[in-house]
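Colleague: Compute the structure for the input listed below.
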Amino acid sequence: MHIVIMGCGRVGSTLAHILEDRGHSVAIIDQNPEAFRRLRSGFKGRRVTGFGFDRDVIAEAGIEQAAA
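Modeller: Okay, here's the model as predicted:
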């Protein structure tokens, strides 16, 4: 299942790790590229810089294939 998360703060990054560990593909969006430092070095999901309400940004994150 593909999941898009908006915000790479403490909650978003923790959720991304949990979901990835459970075998899901994950894309995480944040307007601040520095926020992605919260993700572990082995994170395989997509990191998308931009606003979560921008259509191009959510398309880049794979919203069309997302189940959540």
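
Colleague: give me the number of residues near R38?
Modeller: 17 (other C-beta atoms under 10 Å). Any C-beta I mention is one placed from the backbone N, CA and C, and that applies to glycine too.

Colleague: Need the nearest residue in space to it, chain neighbours excluded.
Modeller: S13 (3.9 Å; C-beta to C-beta, 6 or more residues apart in numbering).

Colleague: So for F36, what pLDDT did the model give?
Modeller: F36 carries a pLDDT value of 98.

Colleague: who's in contact with the closest residue to it other than its chain neighbours?
Modeller: With sequence-adjacent residues excluded and distances taken as C-beta to C-beta, 6+ apart, F36 is closest to R47, at 4.8 Å. The neighbourhood of R47, defined by C-beta atoms under 8 Å, 6 or more residues apart in numbering, consists of 8, 27-28, 30, 33, 36, 39.

Colleague: can you list the residues you listed in a markdown table and add distance to L19 and secondary structure?
Modeller: Shown next, in a markdown table, are the contacts of R47 (distance: C-beta to C-beta, whole Å; DSSP: H, G, I helix; E, B strand; the rest coil):
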| residue | distance to L19 | secondary structure |
| --- | --- | --- |
| C8 | 13 | coil |
| A27 | 11 | strand |
| I28 | 10 | strand |
| D30 | 16 | strand |
| P33 | 21 | helix |
| F36 | 16 | helix |
| L39 | 12 | coil |
